[in-house]
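A.B. asks: Here you go, sequence then predicted model.
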Amino acid sequence: MAYKEKEIEKRYYSIGEVAEDLNINPSQIRFWESEFDIIRPQKNKSGKRQFTKEDIENIRSVQFLVKEKGHTLEGARKILKNKSKAVHSKAEMIDCLKNVRAFLLQIKEQLD
């Protein structure tokens with residue numbers, strides 16, 4: 001009897017994994033953690049940050065508002081306070097579009 005094993009999904013991610021995934025420096029994440037209440041990773045016994053998927057989405061939203069849209073930290077805080085779900089959706093959509101673009105460029109290179 002054949003069956004598919006469920007893929008094990010991580011619960012927590014290190015700051016290095018998050019930084020690599022979002023293409024930013026770990027120091028940027030630590031700075032935003034000090035500036036935004038929505039970024040509150042848990043810390044393990046040795047004091048290392050453990051980010052959940054929700055934490056990563058919050059960081060992605062801050063990154064979108066500050067880096068992509070050019071808002072100040074205070075402006076980003078106000079927007080997140082009032083429209084956090086809409087910001088999450090837009091940031092996620094832009095991230096997906098960037099991945100599609102990178103994939104298409106890769107195909108184009110292979111065809112040339």
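C.D. replies: Sure thing, it's come through.
A.B. asks: Strands along the protein, start to end?
C.D. replies: 42-43, 49-50 (DSSP state E).
A.B. asks: Report all helices and strands that the first one contacts.
C.D. replies: Spelled out, that is strand 42-43. Identification of packing neighbours for strand 42-43 by 3 or more Cβ pairs under 8 Å, 6 or more residues apart in numbering; DSSP states H and E yields strand 49-50. Where you see a C-beta, it was placed from the backbone N, CA and C, and this is true even at glycine.
A.B. asks: what do you get for the last one?
C.D. replies: In this structure, strand 49-50 packs against strand 42-43, with contacts taken as 3+ Cβ pairs under 8 Å, 6+ apart.
A.B. asks: cutoff 10 Å now
C.D. replies: Packing partners of strand 49-50 (3 or more Cβ pairs under 10 Å, 6 or more residues apart in numbering; DSSP states H and E): helix 15-22, helix 26-35, strand 42-43.
A.B. asks: State the mean pLDDT of the lengthiest helix in the chain.
C.D. replies: Taking DSSP state H as the assignment, the helix of the chain that covers the most residues is helix 73-111. Helix 73-111 shows a mean pLDDT of 79 in the predicted model.
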